[in-house]
Every structure is written in C-alpha cells, then in structure tokens.
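Trainee: the sequence isn't on hand, but the structure is:
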DNA sequence: CTCATCATATAACGTTCCGTTATCCCGCGT
DNA sequence: ACGCGGGATAACGGAACGTTATATGATGAG
C-alpha cells in the first residue's frame, strides 16, 4: 500500500518546503512529485499536504509519513550496504569443511591468503572426511568442502553427486608406502605392493582403507589390517615400531615425517585427487569464490 | 534500488522455506516470487538464494535482507496505521482559534461534543479576533478559525480572502443596544440609533468599533466613543454605571448579562454572522470536518 | 493595478515494473 | 519407471511512474 519511494518524497517535501525543490533534490521533475503525492493521498484516503498559494506544507498525516521516512530509509540503506559489503568482499562468511590431512597444509595457507586480502571476510573451518563434508554441503551446513577421491575408484561413485556440484581441482597427492627403517625393502626407491602381501597393514580413514583393499586386490592379495587409526602421526609411530606397513599420502609426509619411517614410491603408482567442492549457487558468492581461488594458489605452492 | 516489497518476499521465503509457500503466504503466484528474486539478485549483483533440488535456502546476503525486512515492514506498518488512525478519527489534532465571545459559548460546547465522540482527537484552542485568526490560518498556525463579520460591511472586505477559503455558517448574532437601568429609553423594546447620537459610547474590539461607527454614520451621527475595551463584562459594568451606552452582541448577553443593563433591539436591526473558516485542504481532514460539524450542532443549540 | 514570475495541477504519452497464465524441467520418492 | 512437488521461463496485460508541454493560480514589483 505505502512504499519507501512515497516516504522519501514526503520527507523531501518537508525538508525542501516545495514540490519543485523536493523534485530537484530527488532528481525528478516537478510533475512527478505532484502525481506521487496525489497517488499517496488517494491511497491513504487522507490529505497529506496543504496547498498554499506559493508553497506547500504537510498536514498532520503528511508529517507522520515524513517522520517515519527516516526510519525506513535508514533500515533500507543499511540492508543495501550490508549486501554491498558482502558483494564487495568487505564482509562475508564462508563455512569451510576439509579433511584432516589437508587442514594441516593447504587449508591454513589458503585461509591466511584470504585473511590478508579480505580482512573482514570470516572463514570458519571444520574438519570432516569427504563423505560428511559433502553431506554437510548438501544439507546447507557448510559452503565449501575440501575433499579427495582416489583416482579410478570411488571417483565415479561420487561422480553422481559431482555433476550437480562445482568441483575445482586443487592438486594430485601421490600415495606412498611407509616402511620402518630396518625393513628389507626400506632402501629401495620403489616397491611393488605384492611384495608386501604378508605384512601386517595399518589403515587410515575408512575411505583410505577402502583404497588399500582395492589396490591390494589388484596386486593379488587381501591385506591383513592389524591397526586402524585416522591419526597419521599414530600411523607413522606404528610403522616406526615395526608393527606394520602403511599407505600414506605424500601431503601428510611433507608435513610430519617420522625420522625412522621410509617412504617409497608404490608401483603401480597411485594418487588421490584433492578438490574444492561447492554448489553452483554458492560458487557465485564472492567470499566463496575468493576462498576457492586462495585454495588453488595454496595448492600450487604445495603441489 | 531495493524496496519494501523485495524485503517482504525475502522474509516470506525464509519463513516458509520455499517459493511456492512464500507465494501462498503473500497471496501471489509462484512465478511472481521467482521473478522477484531474480530481479533482486541482478539488482544487488549477488546470489540471494541457494536452489537445492527440492527446496531453497537463503544465502548470507539473502539472510541479511530477510533480517532487515522486519524493521522496514514494522516501520511501514506503523506509518500506515498512524495515518489510518488520523483518517479514522482515532487520532488527530485540530488547532482551533476563536474570538472571545464565541469561546464562552458555542466553542466549549463543540469541543465537548468532539471529545465525547472522538476521545483521541485533540482540539487545542486559542483565543484570537478574526483578523489574527485568519492570518494564523493562512500562516499555517491553526487549522480552523471561528470568526465573525458584520453583515454588509466588512464581509465584502474579507470576501476576497473567503473565496479561497471554506466558510461554514454557524449562526447569526443579533446586535443589541445596552442601556443602564434608569435610562429614558430603557423601558422600550426597540430603539433607533439616532436617538442616542449624543450619548457617550463604549466600544468593543476594533472591528466592533468599526461597526458602531458605520451604523452611526448611517443614522446620521459620529459616535462619541468615551471608552474602549475588549472585555464585554467591563463594557456592561460601564453601561450599568451610566457611563455610556454600547452595542453588544446577543451571544454575549446570553452568557453574562449584567442585572442593571437593559438590552434593546436596534432599529434598523443589525446582525453579525459567525462562521467557521478553514482552508480547502484542511476542510477534508477528518478531525477538522468533525470539529466543524460539532460547531454547527453547537450553534444550532445556541441559535 | 497590472504584469512578470514562480509554483502547482493537468494532459498526453512512453517505458518499465510486476503481476498473471501456460508450460517446461528437474529432483525425489514410490 | 513414473508421478508429483517445486522452480524456471515465455508471453502477455495492466498498473505504476516517469517524462514533456501547457494551463492555472498566487505573489511581489513597477
């Protein structure tokens, strides 16, 4: 019934004292104001201005509208400014979820980049393995996920999700074989997985364990998984003590490498892909875009 | 750029969880909401809603708009309600100016009527003689004036003003001749003015004095004005003491009639007209209308 | 007192906004 | 596989709102 434009006009009339002056101050022509007032008057069913010969003056009802104008216009401006701030990266929030081994390397670097460039953009960060982070993304609990997929295996499995999501490749992460220092193969650069068929294995997260099983099957054996932990420091500790061997992504080894653990190339080589995932809508949010860009740059450094 | 309708839509989407539900709650169709959101998004240059397969969810920027919606809509509703209250006589203010002798009779009665009918309409009241009250009306210092004009004299003089004003006739007020009790003519019902050519005269307000002079001239003499006061109680006191004779409007005599003062009809008879005056714009303001109506009714009682 | 001037009102017109109906497309659940 | 619920899109009509051109009325100066 009554809108912000009407209030703005009434306020201008009160401030300027005439239709013409109000029109100038609002960048309109005089008849525009004249008609606006007439429309307002017939909508509200009241007289809003007194027409004196030379100038005009607001009636009580007109003054009511002019008085409320400030409130409404201020709130409207505030809303506009807040949105503009988000659009202009002077504000904004990104809820990021990443899996543990990325959160030690690429992610902190990217967060630092974002913070340096856009100090007022807040990136909140939660650790989560790919299945949960993607679920959270779809549930609207996060805006951006850093996930991985072992090449050729469950990539196609997630693919069904990925076609409705925006995926940005960050880096390839070589999977290496971790052996204790005194192990017979420890001095080699490369080892075939089949040569370790009889060793006890130490597995990481469920997804990583799945990958191990897959690779082992291709090498012709079913691994004897003696330990299971998501903590790769613990994995390396177990390996160092000679309690088993493990597959460890290179990204982790570059961060924390136990001195008594040898890391060999696996043959045939296996890698996991790490990428940033978000929804098509969120991909167009400036703060999310900025975070993805920072992740890409951080990945180049760590690649 | 951004208007109240847009905010209302964003809030409805947030509250209802889908475009369709929002459309229903606002009484629109679904495409209307869809387009509204699209327009808002391209105007602000930001993504406002995430389209998930089944439902939608607001982005951060969208939430900002939804949050501000309450403020804006509340202020808008408040403004609308206040104006409606004025239109519905549940509120409103009338600044009334009336000349002294009316303020003792018709005006208080009218004010009581207004207060009884519309308890929340406030009528403020200031005493002023016609020239000032009409000036105040044109200066915007009052909304309604109760004025008088002696018939055939300055009526035409004010007429130039009155064609641009709204005049409502209230009543005719007979002008009577006040004589002291023992005066030779005191026992008559009627007296010719010429018979009092040699008496000392007591004049009221400037306008009344003008009327006296005018009537005397027509009767063939120039009155000897011995006293001049705007207070008609004082006038009657002077008359009672035999210090002079006076013309006094009947309206006053009906309120306060000095026991030793005789009031005769004047021949030829003379009356003053009492009317309510306002501007064409103000005449359409409900509270002003109501006050005029009350004045008319009060005048009928006092007529 | 008349005239120039300034301000509002009105008429006529074009554009934009914003709603509608009719339809298509997609994700999801049976 | 199919139906259904929900959003997007196209086409269209009307109302809102701006413009220019012009009339009307009040005011102040010569």
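Mentor: That came through, no problem. Please read all numbers here as calculations on a predicted model, not as lab measurements. Residues are numbered from 1 along each chain as shown, chains lettered A, B, ... in the order given.
Trainee: from here on, contacts and neighbour counts on C-alpha atoms
Mentor: Fine.
Trainee: and residue A:185, how many residues sit next to it?
Mentor: Using other C-alpha atoms under 10 Å in any protein chain shown, residue A:185 is surrounded by 17 other residues.
Trainee: any idea whether it is helix, strand or coil?
Mentor: Three-state call for residue A:185 (DSSP: H, G, I helix; E, B strand; the rest coil): coil.
Trainee: spit out the contact partners of it.
Mentor: Each residue near residue A:185 by C-alpha atoms under 8 Å, 6 or more residues apart in numbering or on different chains is listed here: A:179, A:191.
Trainee: got the contact list for the closest residue to chain B within the stretch 151-300 of chain A?
Mentor: Relative to chain B, the nearest point of the stretch 151-300 of chain A is residue A:281 (5.5 Å; C-alpha to the nearest C-alpha). Contact analysis of residue A:281 by C-alpha under 8 Å, 6+ apart lists B:47, B:49-51.
Trainee: filter the residues you listed down to the ones near DNA strand D?
Mentor: Among the contacts of residue A:281, the residues within reach of DNA strand D (C-alpha under 7 Å from any atom of the strand) are residue B:51.
Trainee: of the contacts of residue A:281, closest to residue A:147?
Mentor: residue B:50 (20.9 Å; C-alpha to C-alpha).
Trainee: buried residues of stretch A:9-22, list them for me.
Mentor: A:9-14, A:16, A:18-22 (16 or more other C-alpha atoms under 10 Å in any protein chain shown).
Trainee: need phi/psi at the nearest residue to residue A:103 once chain neighbours are set aside.
Mentor: In space, and not counting its chain neighbours, residue A:103 is closest to residue A:127: 7.2 Å by C-alpha to C-alpha, 6 or more residues apart in numbering or on different chains. According to degrees, to the nearest 10, the main-chain angles of residue A:127 amount to phi -80, psi 140.
Trainee: which residues sit in contact with residue A:127?
Mentor: A:97-100, A:103.
Trainee: need the contact list for residue A:171.
Mentor: The contact partners of residue A:171, taken as C-alpha under 8 Å, 6+ apart, are A:273-275, A:299-300, A:303.
Trainee: if you could redo that for residue A:291, that was the one I meant.
Mentor: Residue A:291 neighbours (C-alpha under 8 Å, 6+ apart): A:94, A:110-111, A:114.
Trainee: picking up where we left off before, now intersect the contacts of residue A:127 with the strands, please.
Mentor: Cross-referencing the contacts of residue A:127 against strands under DSSP state E gives A:97-98.
Trainee: check the secondary structure at residue A:248 for me.
Mentor: Following three-state DSSP, residue A:248 is assigned to strand.
Trainee: ok, how many other residues are close to it?
Mentor: Neighbours of residue A:248 (other C-alpha under 10 Å): 23.
Trainee: now residue A:190: closest residue in space that isn't a chain neighbour?
Mentor: Using C-alpha to C-alpha, 6+ apart, the nearest residue to residue A:190 is residue A:265, at 4.5 Å.
Trainee: any idea which helix or strand carries that neighbour?
Mentor: Using DSSP states H and E, residue A:265 sits in strand A:261-267.
Trainee: tell me the average confidence for that strand?
Mentor: Averaging pLDDT along strand A:261-267 gives 93.
Trainee: may I have the strands that pair with it, each with its orientation?
Mentor: The pairing partners recorded for strand A:261-267 under DSSP bridges are strand A:166-180 (antiparallel), strand A:190-192 (parallel).
Trainee: okay, those strands, which one's buried deepest?
Mentor: Highest mean neighbour count of the strands paired with strand A:261-267: strand A:166-180, a mean of 22 (counted as mean count of other C-alpha atoms under 10 Å in any protein chain shown).
Trainee: surely residue A:265 meets residue A:193?
Mentor: No. Taking C-alpha atoms under 8 Å as the definition, residue A:265 is not a contact partner of residue A:193, at 10.0 Å.
Trainee: rewinding a little: which among the strands paired with strand A:261-267 is found nearest to DNA strand C?
Mentor: Taking C-alpha to the nearest atom of the strand, strand A:166-180 is the member of those nearest to DNA strand C, at 12.6 Å.
Trainee: lowest average confidence, helix or strand, in chain A?
Mentor: Of all helical and strand segments in chain A, the minimum by mean pLDDT, DSSP states H and E falls on helix A:155-162, at a mean of 52.
Trainee: which residues touch whatever residue of the stretch 201-303 of chain A ends up closest to DNA strand C?
Mentor: For the stretch 201-303 of chain A, the residue positioned closest to DNA strand C under C-alpha to the nearest atom of the strand is residue A:280, at a distance of 11.0 Å. For residue A:280, the contact set (C-alpha under 8 Å, 6+ apart) comprises A:164-166.
Trainee: now distance to residue A:198 too, for the residues you listed, in CSV please.
Mentor: Below are these laid out as CSV (distance: C-alpha to C-alpha, whole Å):
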residue, distance to residue A:198
A:164, 42
A:165, 41
A:166, 42
